[in-house]
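Q: The following block contains a protein sequence and its predicted model.
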Amino acid sequence: MKNFSVYAQNDDKVGTVSDVLVDSQSGRFRYFVVDTGFWIFGKKVLLPVGPTRIDYDDERIYVPTMTKDQVENLPNYDELEKVDYNYEEQVRNVYRKSPVVVAETPVTTPAYDRDTYNYDYDRDLYNLDDQDHNALKLYEERLVASKTRQKAGEVTIGKHVETDTAHVQVPVEKERVVIERSAPTSSSTVAPGTAFQEGTVARMDVYEETPDIHKEAFVREEVRVRKEIDQDIATAADTIRREELDVDTQGRPVVDK
């Protein structure tokens, strides 16, 4: 209903709807915020929803009990940060001066203060008139798509030990002593005292390699586990129902569809 035009008595246009205020406790609509623009001093005022008649086709809101003078006397809403009890009382007092139809059974409003006030005390200001706001609900069925997450399976990764026979070859070396005897190439004499000495020996260490074969553990490979998401589109079709409006008229009423 934003930007709906607001009309007072005598079809005087007093502004347009710029916002709606809702009761934070009950969730019910309480006021239209009307921007008077250049019509009345260019201020914003509050209009209770009760005395209004909404014409959705023409995008208009009619308030037959409101006058331009009352709009001028309403407090300015522009600079308010919060609508409190005192401000609402100022607004209500302006609208309470509106001409209203006297009920067959007079209603006496009990004394109240900011702690005891109830919006039912001003039903004509806050309750929508069923006669002016009759509504017929037309229903339709819709296919609502949702999804649930469920376990489709599981993957378990473990390890076990297998045995096998491994063959390895290691070349080894062994030293051996070779004694060679040969005739001297020189026939010269030796110095006195160097020959025929007992206990003279020649030593030579003999080595050999022996294989050292043992087992050690090494990391052969690493296995990492992760998940990837594959997306698919699931389609479904079903028959849905929808209610359509049937208008049955008698006589010659004017019906604006």
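A: Yes, it's here.
Q: switch to C-alpha atoms for all contacts and neighbour counts from now on
A: Noted.
Q: what about the helices in this structure?
A: 68-73, 85-95, 123-126 (DSSP state H).
Q: now, of those, which is deepest in the fold?
A: helix 123-126 (a mean of 18; mean count of other Cα atoms under 10 Å).
Q: Residues contacting it, please?
A: Helix 123-126 is contacted from outside by 29-30, 48-51, 92, 95, 119-120, using Cα atoms under 8 Å, 6 or more residues apart in numbering.
Q: if we go to 10 Å?
A: Helix 123-126 is contacted from outside by 28-31, 47-52, 92, 95-96, 100-101, 119-120, 129, using Cα atoms under 10 Å, 6 or more residues apart in numbering.
Q: circling back to that earlier point, mean pLDDT added to the helices of the chain, as JSON lines?
A: Listed next are the helices of the chain as JSON lines, based on pLDDT from 0 to 100:
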{"stretch": "helix 68-73", "mean pLDDT": "85"}
{"stretch": "helix 85-95", "mean pLDDT": "89"}
{"stretch": "helix 123-126", "mean pLDDT": "86"}
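Q: about what we covered before: buried only: go through the contacts of helix 123-126 for me.
A: Of all the contacts of helix 123-126 considered here, the ones buried according to neighbour count by 16 or more other Cα atoms under 10 Å are 29-31, 47-52, 92, 95, 129.
Q: and which of the residues you listed is nearest T210?
A: Using Cα to Cα, the shortest approach to T210 within those belongs to F29, at 100.3 Å.
Q: what is the mean pLDDT for the lengthiest strand in the chain?
A: For the chain, the strand with the greatest residue count under DSSP state E is strand 13-22. What strand 13-22 shows for mean pLDDT is 90.
Q: Counting by contacts, list what that strand packs against.
A: Under the contact criterion of 3 or more Cα pairs under 10 Å, 6 or more residues apart in numbering; DSSP states H and E, strand 13-22 touches strand 5-7, strand 29-35, strand 44-48, strand 60-62, helix 68-73.
Q: Check which helices and strands the fourth one is in contact with.
A: With contacts taken as 3+ Cα pairs under 10 Å, 6+ apart, strand 60-62 sits against strand 5-7, strand 13-22, strand 53-55.
Q: Pull up the pairing partners for it, direction included.
A: Based on DSSP bridges, the strands next to strand 60-62 in the sheet, each with its direction, are strand 5-7 (parallel), strand 53-55 (antiparallel).
Q: Just say which of these is most tucked in.
A: For the strands paired with strand 60-62, average neighbour numbers computed from mean count of other Cα under 10 Å are highest in strand 5-7, which has a mean of 23.
Q: just to revisit the earlier point, and M66, which of the strands paired with strand 60-62 is closest to it?
A: With respect to M66, and counting by Cα to Cα, the nearest of the strands paired with strand 60-62 is strand 5-7 at 8.6 Å.
Q: what distance separates the closest one from the centre of its chain?
A: 38 Å (Cα atoms, centre = their mean, to the nearest Å).
Q: neighbouring contacts of that strand?
A: When contacts are taken as Cα under 10 Å, 6+ apart, the neighbours of strand 5-7 outside the stretch itself are 12-18, 32, 34-36, 47, 52-55, 58-64, 66-68.
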